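Visitor: Quick one: sequence and predicted model below, then my questions.
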Amino acid sequence: MLKADLHTHTVNSGDGLSTLLEMAKEASKRGVEILGITTHGPSTPGSYPEGAYCVFKRVPKVLFGVRILMSAELNIIDEKGTLDMDEENFKYLDYGLAGIHYGMEKENINKNTSAIVNAMKNPYIHIISHPISNFLVDSVKIAEAAVRYNKLLELNNSKFGYHFDLAPDMLERTKKMVEVIKKHKHMIIINSDAHIATDLAEDMAVMRYKKEINLSYDLIINNNLGKLRRFLKIVD
């Protein structure tokens, strides 16, 4: 069970099943100390339109004893790493999360790799969501870029659980990514990608393959909340 979960969705994402308050209450019950709510980017049907993210600043910093961070899971939409949000809206986000969801060619490793690497150059982005998915990438290059630009790559519990069959060679590609992170003494993050409160803070699907991907606890930034707070510059 995660002490910090920075990739979760509520009803405001368009495909979430729980409200912000329901997520916060469940996080409190599960001993979560930091909860990140990540609404889908504005180009995702059913999500917030640009201009609406200003309401994030009205959310209390603490709900039911849980530190709340508001963000968006932005879409990387082309090889240049372009995101589906104008820069002026980043001021409403507590941190930046971005990943490929559509618009790219699933089998085009070079373009997909370039898209993620270029997105990591954006100073507003802190985490790349599910870099290992059905969009093929060079996991070694992705990991080397994460070290170079000081970004966190995500091990997505939902992908390892519900969508494992959608990502060919997922374990092998993840293992290569983790090896690079470990070599450079960098860190990685596990997030639930929960779309309902009952999935919140879950990491069991990832940890089931801990040995296969050579994952050690010291690599997981969720296990060191002090480092995570410093990385995201969280001010209480």
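Guide: Perfect, thanks for sending it.
Visitor: pull the CA atoms of the element among helices and strands of the chain having the smallest mean pLDDT into PDB?
Guide: Across the helices and strands of the chain, mean pLDDT, DSSP states H and E gives its lowest value to helix 157-161, namely a mean of 91. Only the C-alpha atoms of helix 157-161 are listed here, as PDB (Å, rounded to 0.1, in the frame of the first residue of the first chain):
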ATOM      1  CA  ASN A 157      -0.300  -0.400 -11.000                       C
ATOM      2  CA  SER A 158      -3.300  -0.200 -13.200                       C
ATOM      3  CA  LYS A 159      -1.200  -1.200 -16.300                       C
ATOM      4  CA  PHE A 160       0.400  -4.100 -14.400                       C
ATOM      5  CA  GLY A 161      -3.100  -5.200 -13.300                       C
END
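Visitor: so what secondary structure elements neighbour it?
Guide: Helix 157-161 is packed against helix 204-207, with contacts defined by 3 or more CB pairs under 8 Å, 6 or more residues apart in numbering; DSSP states H and E. (C-beta placed from N, C-alpha, C; glycine too.)
Visitor: which parts of the top helix by length along the chain are buried?
Guide: Across the chain, the longest stretch assigned as helix under DSSP state H is helix 170-183. Neighbour counts over helix 170-183 (16 or more other CB atoms under 10 Å) mark 170, 173-178, 180-182 as buried.
Visitor: quick revisit: in the least confident helix or strand of the chain, which residues are buried?
Guide: Neighbour-count burial for helix 157-161 [16+ other CB under 10 Å]: 157-161.
Visitor: what's that helix in contact with?
Guide: Residues from elsewhere that reach helix 157-161, judged by CB atoms under 8 Å, 6 or more residues apart in numbering: 130, 132-133, 166-167, 170, 190-195, 199, 202-206, 208-209.
Visitor: try 7 Å this time
Guide: 130, 133, 167, 190-193, 202-203, 205-206, 209 (CB atoms under 7 Å, 6 or more residues apart in numbering).
Visitor: go on, stretch 201-211?
Guide: 1-2, 5, 27, 30, 32, 155, 157, 160-161, 171, 190, 192.
Visitor: And the residues you listed, which is closest to Leu69?
Guide: Asp5 (10.1 Å; CB to CB).
Visitor: hmm, back to that, just put the buried residues of helix 157-161 in JSON lines and tack on distance to Val59.
Guide: Formatted as JSON lines, the buried residues of helix 157-161 follow (distance: CB to CB, whole Å):
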{"residue": "Asn157", "distance to Val59": "24"}
{"residue": "Ser158", "distance to Val59": "23"}
{"residue": "Lys159", "distance to Val59": "27"}
{"residue": "Phe160", "distance to Val59": "29"}
{"residue": "Gly161", "distance to Val59": "28"}
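Visitor: list the helices and strands the host helix or strand of Thr38 packs on?
Guide: Per DSSP states H and E: Thr38 is located in strand 34-40. Where contact means 3 or more CB pairs under 7 Å, 6 or more residues apart in numbering; DSSP states H and E, strand 34-40 is packed against strand 4-8, helix 20-29, strand 66-75.
Visitor: Determine which stretch of these is the most buried.
Guide: Among the helices and strands packed on strand 34-40, strand 4-8 has the highest mean neighbour count (mean count of other CB atoms under 10 Å), at a mean of 28.
Visitor: now Ile68: how far from Tyr124?
Guide: 19 Å (CB to CB, to the nearest Å).
Visitor: Run a quick neighbour tally on the closest residue in space to Lys227 that isn't next to it in sequence.
Guide: Distance criterion CB to CB, 6 or more residues apart in numbering; nearest residue to Lys227, sequence neighbours excluded, is Ile221 at 5.6 Å. Using other CB atoms under 10 Å, Ile221 has 22 neighbouring residues.
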